[in-house]
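[1] only geometry, no sequence info:
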(Lines give C-alpha, C1' and ligand atoms only; values in the text may rest on other atoms or scores of the structure.)
Protein backbone atom coordinates (compact mmCIF):
# COMPACT_ATOMS: atom_id res chain seq x y z
CA UNK A 1 0.00 0.00 0.00
CA UNK A 2 0.93 3.64 -0.35
CA UNK A 3 1.01 7.04 1.38
CA UNK A 4 -1.19 9.83 0.02
CA UNK A 5 0.15 13.39 -0.30
CA UNK A 6 -2.74 15.84 -0.53
CA UNK A 7 -1.98 19.32 -1.79
CA UNK A 8 -2.95 21.94 -4.33
CA UNK A 9 -1.53 25.22 -5.57
CA UNK A 10 -4.29 27.46 -4.15
CA UNK A 11 -2.17 27.92 -0.99
CA UNK A 12 0.09 30.21 -3.07
CA UNK A 13 -2.69 32.81 -3.31
CA UNK A 14 -3.40 32.91 0.44
CA UNK A 15 -1.52 36.16 1.04
CA UNK A 16 -0.83 37.04 4.68
CA UNK A 17 1.19 40.19 3.96
CA UNK A 18 4.85 41.06 4.09
CA UNK A 19 6.91 39.59 6.93
CA UNK A 20 4.17 37.25 8.17
CA UNK A 21 5.62 33.92 9.43
CA UNK A 22 2.74 31.85 7.96
CA UNK A 23 3.66 32.27 4.30
CA UNK A 24 3.39 30.34 1.05
CA UNK A 25 6.95 29.04 0.88
CA UNK A 26 6.28 26.92 3.98
CA UNK A 27 4.24 24.56 1.81
CA UNK A 28 6.39 25.02 -1.29
CA UNK A 29 9.55 23.74 0.45
CA UNK A 30 7.70 20.64 1.68
CA UNK A 31 6.22 19.78 -1.72
CA UNK A 32 9.43 20.45 -3.68
CA UNK A 33 11.42 18.31 -1.26
CA UNK A 34 8.98 15.36 -1.33
CA UNK A 35 8.77 15.48 -5.13
CA UNK A 36 12.54 15.03 -5.36
CA UNK A 37 12.23 11.49 -4.05
CA UNK A 38 10.09 10.28 -6.94
CA UNK A 39 8.89 7.52 -4.64
CA UNK A 40 6.38 5.26 -6.40
CA UNK A 41 4.64 4.66 -3.06
CA UNK A 42 3.71 8.33 -2.74
CA UNK A 43 0.31 9.04 -4.31
CA UNK A 44 -0.17 12.73 -5.13
CA UNK A 45 -3.76 13.94 -5.01
CA UNK A 46 -5.68 17.18 -5.09
CA UNK A 47 -8.60 17.85 -2.77
CA UNK A 48 -12.09 17.36 -4.13
CA UNK A 49 -15.15 19.50 -3.36
CA UNK A 50 -16.91 18.65 -0.11
CA UNK A 51 -20.36 19.11 1.41
CA UNK A 52 -20.54 22.34 3.45
CA UNK A 53 -22.53 20.54 6.12
CA UNK A 54 -19.26 19.23 7.64
CA UNK A 55 -18.04 22.80 8.04
CA UNK A 56 -21.36 23.70 9.67
CA UNK A 57 -21.12 20.85 12.18
CA UNK A 58 -17.68 22.16 13.21
CA UNK A 59 -18.23 25.94 13.21
CA UNK A 60 -21.40 27.89 13.88
CA UNK A 61 -23.35 29.43 10.98
CA UNK A 62 -22.70 33.03 11.99
CA UNK A 63 -18.97 32.45 12.00
CA UNK A 64 -19.00 30.72 8.59
CA UNK A 65 -21.05 33.61 7.14
CA UNK A 66 -18.69 36.18 8.68
CA UNK A 67 -15.66 34.45 7.16
CA UNK A 68 -17.34 34.17 3.75
CA UNK A 69 -18.04 37.91 3.78
CA UNK A 70 -14.55 38.79 4.99
CA UNK A 71 -12.60 37.60 1.92
CA UNK A 72 -11.70 40.91 0.26
CA UNK A 73 -11.91 41.66 -3.47
CA UNK A 74 -8.44 43.17 -3.14
CA UNK A 75 -5.91 43.82 -0.41
CA UNK A 76 -5.89 42.20 3.02
CA UNK A 77 -8.47 41.82 5.80
CA UNK A 78 -7.68 41.00 9.44
CA UNK A 79 -9.92 38.37 11.06
CA UNK A 80 -7.91 38.96 14.23
CA UNK A 81 -4.53 40.52 15.07
CA UNK A 82 -2.51 37.85 13.25
CA UNK A 83 -5.07 35.99 11.09
CA UNK A 84 -5.15 37.67 7.72
CA UNK A 85 -7.13 36.90 4.57
CA UNK A 86 -6.71 38.02 0.97
CA UNK A 87 -8.79 37.36 -2.19
CA UNK A 88 -7.05 33.99 -2.67
CA UNK A 89 -7.69 32.85 0.90
CA UNK A 90 -11.21 31.65 0.10
CA UNK A 91 -10.02 28.84 -2.18
CA UNK A 92 -6.95 28.05 -0.05
CA UNK A 93 -8.99 27.63 3.14
CA UNK A 94 -11.62 25.52 1.35
CA UNK A 95 -8.87 23.32 -0.14
CA UNK A 96 -7.22 22.87 3.27
CA UNK A 97 -10.51 21.42 4.56
CA UNK A 98 -11.07 19.49 1.32
CA UNK A 99 -7.62 17.92 1.62
CA UNK A 100 -8.29 16.20 4.93
CA UNK A 101 -11.69 14.99 3.71
CA UNK A 102 -10.18 13.62 0.46
CA UNK A 103 -7.35 12.01 2.47
CA UNK A 104 -9.85 10.30 4.79
CA UNK A 105 -11.79 8.95 1.78
CA UNK A 106 -8.52 7.65 0.30
CA UNK A 107 -7.64 5.76 3.50
CA UNK A 108 -11.18 4.42 4.01
CA UNK A 109 -11.35 3.26 0.38
CA UNK A 110 -7.88 1.65 0.64
CA UNK A 111 -6.41 3.86 -2.06
CA UNK A 112 -3.51 4.42 0.37
CA UNK A 113 -2.73 3.30 3.93
CA UNK A 114 -2.16 6.74 5.39
CA UNK A 115 -1.81 10.33 4.19
CA UNK A 116 -0.19 13.70 4.81
CA UNK A 117 -1.91 16.96 3.82
CA UNK A 118 0.57 19.71 2.89
CA UNK A 119 -1.77 22.70 3.14
CA UNK A 120 -2.23 26.17 4.52
CA UNK A 121 -3.82 27.98 6.28
CA UNK A 122 -3.40 25.83 9.40
CA UNK A 123 -6.44 25.10 11.58
CA UNK A 124 -6.02 24.03 15.19
CA UNK A 125 -6.48 27.47 16.81
CA UNK A 126 -9.82 28.11 15.06
CA UNK A 127 -12.68 27.74 17.56
CA UNK A 128 -16.36 27.12 16.80
CA UNK A 129 -16.97 30.82 16.34
CA UNK A 130 -13.57 32.48 16.18
CA UNK A 131 -10.50 32.77 13.92
CA UNK A 132 -7.19 32.76 15.77
CA UNK A 133 -3.47 32.22 15.38
CA UNK A 134 -3.29 32.15 11.54
CA UNK A 135 -6.24 29.68 11.46
CA UNK A 136 -9.56 30.21 9.64
CA UNK A 137 -11.32 26.82 9.62
CA UNK A 138 -10.34 24.02 11.97
CA UNK A 139 -9.26 21.51 9.31
CA UNK A 140 -8.58 18.58 11.63
CA UNK A 141 -11.88 19.09 13.50
CA UNK A 142 -13.82 19.05 10.22
CA UNK A 143 -11.98 15.80 9.37
CA UNK A 144 -13.01 14.24 12.69
CA UNK A 145 -16.65 15.27 12.19
CA UNK A 146 -16.52 13.82 8.67
CA UNK A 147 -15.37 10.48 10.10
CA UNK A 148 -18.13 10.55 12.74
CA UNK A 149 -20.90 11.47 10.30
CA UNK A 150 -19.99 9.88 6.96
CA UNK A 151 -18.21 6.73 8.13
CA UNK A 152 -19.85 6.32 11.57
CA UNK A 153 -16.44 5.93 13.22
CA UNK A 154 -17.00 5.91 16.98
CA UNK A 155 -13.50 6.45 18.36
CA UNK A 156 -11.19 9.06 16.89
CA UNK A 157 -7.90 10.22 18.37
CA UNK A 158 -6.44 13.60 17.42
CA UNK A 159 -2.76 13.94 18.29
CA UNK A 160 -1.48 17.50 18.16
CA UNK A 161 2.31 17.84 18.35
CA UNK A 162 2.41 21.49 17.28
CA UNK A 163 4.39 23.58 19.80
CA UNK A 164 1.28 25.69 20.46
CA UNK A 165 -1.77 24.23 22.17
CA UNK A 166 -4.68 23.60 19.80
CA UNK A 167 -7.25 25.56 21.78
CA UNK A 168 -9.74 25.42 18.90
CA UNK A 169 -9.72 21.63 18.58
CA UNK A 170 -10.00 21.25 22.36
CA UNK A 171 -12.90 23.73 22.40
CA UNK A 172 -14.78 21.89 19.63
CA UNK A 173 -14.46 18.40 21.17
CA UNK A 174 -14.44 19.20 24.90
CA UNK A 175 -17.83 17.49 25.42
CA UNK A 176 -17.50 14.72 22.81
CA UNK A 177 -16.83 11.25 24.20
CA UNK A 178 -16.10 9.86 20.72
CA UNK A 179 -13.07 12.09 20.19
CA UNK A 180 -9.91 12.09 22.28
CA UNK A 181 -7.69 15.15 21.87
CA UNK A 182 -4.05 14.80 22.98
CA UNK A 183 -1.63 17.71 22.83
CA UNK A 184 2.07 18.18 23.60
CA UNK A 185 2.97 21.87 23.68
CA UNK A 186 5.13 24.56 25.23
CA UNK A 187 3.44 25.98 28.33
CA UNK A 188 2.84 28.65 29.49
CA UNK A 189 2.79 30.07 25.99
CA UNK A 190 0.44 31.18 23.21
CA UNK A 191 -2.58 30.79 23.23
CA UNK A 192 -2.55 30.41 27.03
CA UNK A 193 -4.70 27.26 27.16
CA UNK A 194 -3.55 23.65 27.56
CA UNK A 195 -3.00 23.20 31.28
CA UNK A 196 -3.14 19.61 32.52
CA UNK A 197 -6.34 20.29 34.48
CA UNK A 198 -8.28 20.78 31.22
CA UNK A 199 -9.54 17.22 30.79
CA UNK A 200 -12.82 17.34 28.88
CA UNK A 201 -16.27 16.23 30.00
CA UNK A 202 -15.43 12.54 29.46
CA UNK A 203 -11.73 12.66 30.37
CA UNK A 204 -11.26 12.88 26.59
CA UNK A 205 -8.68 15.70 26.64
CA UNK A 206 -5.05 15.04 27.55
CA UNK A 207 -2.74 18.04 27.69
CA UNK A 208 0.99 17.50 28.18
CA UNK A 209 2.37 20.98 28.91
CA UNK A 210 6.16 21.27 28.51
CA UNK A 211 8.47 24.07 29.67
CA UNK A 212 10.56 26.16 27.28
CA UNK A 213 13.91 24.44 26.69
CA UNK A 214 12.50 20.87 26.78
CA UNK A 215 15.07 18.59 25.11
CA UNK A 216 14.49 15.77 22.62
CA UNK A 217 14.96 13.16 25.32
CA UNK A 218 12.56 14.89 27.71
CA UNK A 219 10.01 15.33 24.95
CA UNK A 220 10.13 11.71 23.80
CA UNK A 221 9.79 10.56 27.42
CA UNK A 222 6.73 12.79 27.81
CA UNK A 223 5.34 11.38 24.53
CA UNK A 224 4.90 8.05 26.34
CA UNK A 225 1.81 9.63 27.97
CA UNK A 226 0.36 10.15 24.48
CA UNK A 227 0.91 6.47 23.67
CA UNK A 228 -0.56 5.35 27.01
CA UNK A 229 -3.75 7.35 26.34
CA UNK A 230 -3.98 5.81 22.84
CA UNK A 231 -3.62 2.29 24.28
CA UNK A 232 -6.44 2.98 26.74
CA UNK A 233 -8.73 4.57 24.16
CA UNK A 234 -8.08 2.13 21.27
CA UNK A 235 -9.02 4.53 18.45
CA UNK A 236 -10.52 3.39 15.16
CA UNK A 237 -8.82 6.25 13.31
CA UNK A 238 -5.95 8.64 14.19
CA UNK A 239 -5.60 12.21 12.98
CA UNK A 240 -2.36 14.15 13.44
CA UNK A 241 -2.34 17.92 13.85
CA UNK A 242 1.22 18.00 12.57
CA UNK A 243 2.96 21.22 13.54
CA UNK A 244 6.75 21.17 13.29
CA UNK A 245 7.48 24.30 15.35
CA UNK A 246 8.78 22.42 18.41
CA UNK A 247 12.01 22.16 16.37
CA UNK A 248 15.04 23.82 18.00
CA UNK A 249 15.50 26.11 14.97
CA UNK A 250 11.93 27.41 14.93
CA UNK A 251 11.75 31.18 15.52
CA UNK A 252 8.33 31.16 17.24
CA UNK A 253 8.99 28.87 20.23
CA UNK A 254 11.63 27.41 22.54
CA UNK A 255 11.36 23.61 22.53
CA UNK A 256 14.50 21.77 21.39
CA UNK A 257 13.44 18.93 19.09
CA UNK A 258 15.54 17.95 16.09
CA UNK A 259 14.23 16.75 12.73
CA UNK A 260 14.72 13.04 13.46
CA UNK A 261 12.49 13.28 16.55
CA UNK A 262 9.52 13.62 14.19
CA UNK A 263 10.42 10.29 12.64
CA UNK A 264 10.59 8.69 16.10
CA UNK A 265 7.31 10.06 17.43
CA UNK A 266 5.50 9.19 14.19
CA UNK A 267 6.91 5.67 14.17
CA UNK A 268 5.92 5.06 17.80
CA UNK A 269 2.39 6.24 17.11
CA UNK A 270 2.06 4.14 13.96
CA UNK A 271 3.00 0.98 15.87
CA UNK A 272 -0.14 1.52 17.95
CA UNK A 273 -2.17 2.55 14.91
CA UNK A 274 -1.33 -0.78 13.33
CA UNK A 275 -2.54 -2.55 16.44
CA UNK A 276 -5.82 -0.68 16.98
CA UNK A 277 -6.99 0.81 13.68
CA UNK A 278 -5.27 -1.03 10.81
CA UNK A 279 -2.81 1.85 10.50
CA UNK A 280 -5.54 4.33 9.53
CA UNK A 281 -3.80 7.67 9.96
CA UNK A 282 -4.23 11.06 8.30
CA UNK A 283 -1.86 13.90 9.14
CA UNK A 284 -2.35 17.59 8.31
CA UNK A 285 0.15 20.42 8.48
CA UNK A 286 -0.21 22.98 11.25
CA UNK A 287 2.77 25.19 12.26
CA UNK A 288 6.51 25.20 11.51
CA UNK A 289 8.23 28.44 10.56
CA UNK A 290 11.90 27.70 9.89
CA UNK A 291 11.93 26.54 6.26
CA UNK A 292 14.88 24.18 6.50
CA UNK A 293 13.65 22.62 9.75
CA UNK A 294 10.18 22.25 8.22
CA UNK A 295 11.58 20.61 5.07
CA UNK A 296 13.65 18.10 7.08
CA UNK A 297 11.00 17.38 9.72
CA UNK A 298 8.19 16.73 7.23
CA UNK A 299 10.53 14.44 5.28
CA UNK A 300 11.10 12.45 8.50
CA UNK A 301 7.37 12.37 9.28
CA UNK A 302 6.38 11.23 5.77
CA UNK A 303 9.29 8.74 5.76
CA UNK A 304 7.81 7.06 8.84
CA UNK A 305 4.34 7.02 7.21
CA UNK A 306 5.83 5.34 4.12
CA UNK A 307 7.61 2.69 6.17
CA UNK A 308 4.32 1.48 7.62
CA UNK A 309 2.86 0.58 4.25
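    Yes, it's here. Please read all numbers here as calculations on a predicted model, not as lab measurements.
[2] residue ranges with poor pLDDT in the stretch 151-300 of the chain?
    Scanning the stretch 151-300 of the chain for pLDDT under 70 picks out nothing.
[3] mind listing the helices for the stretch 101-250 of the chain?
    Listed in chain order, the helices of the stretch 101-250 of the chain (DSSP state H, counting those that start in this stretch) span 139-150, 167-173, 216-233.
[4] could you dump these to JSON lines with mean neighbour count and distance to residue 107?
    Every residue, glycine included, has its C-beta placed from N, CA and C. As requested, the helices of the stretch 101-250 of the chain are exported to JSON lines (neighbours: other C-beta atoms under 10 Å; distance: least, C-beta to C-beta, whole Å):
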{"stretch": "helix 139-150", "mean neighbour count": "25", "distance to residue 107": "10"}
{"stretch": "helix 167-173", "mean neighbour count": "26", "distance to residue 107": "20"}
{"stretch": "helix 216-233", "mean neighbour count": "16", "distance to residue 107": "17"}
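[5] so which of those helices comes closest to residue 159?
    Taking C-beta to C-beta, helix 216-233 is the member of those nearest to residue 159, at 6.1 Å.
[6] other SSEs contacting that closest one?
    Other helices and strands packing on helix 216-233, by 3 or more C-beta pairs under 8 Å, 6 or more residues apart in numbering; DSSP states H and E, are strand 156-160, strand 179-186, strand 205-210, helix 259-277.
[7] quick one: contacts of it?
    Identification of contacts with helix 216-233 by C-beta atoms under 8 Å, 6 or more residues apart in numbering yields 155, 157, 159, 180, 182, 184, 206, 208, 210, 214, 238, 246, 255-258, 261, 264-265, 268-269, 272, 276.
[8] check stretch 138-148 too.
    50, 54-55, 57-59, 96-97, 99-101, 103-104, 117, 119, 122-124, 126-127, 153-154, 156, 158, 160, 166, 168-169, 172-173, 178-179, 237, 239, 241, 282, 284.
[9] tell me the mean pLDDT for it?
    Mean per-residue pLDDT for stretch 138-148: 98.
[10] what residues are bridge-paired with the residue nearest the centre of the chain?
    A centroid search over the chain (C-alpha atoms, centre = their mean) returns residue 241, at 2.6 Å, as the residue closest to the centre. Beta-bridge partners recorded for residue 241 (DSSP bridges): residue 160, residue 284.
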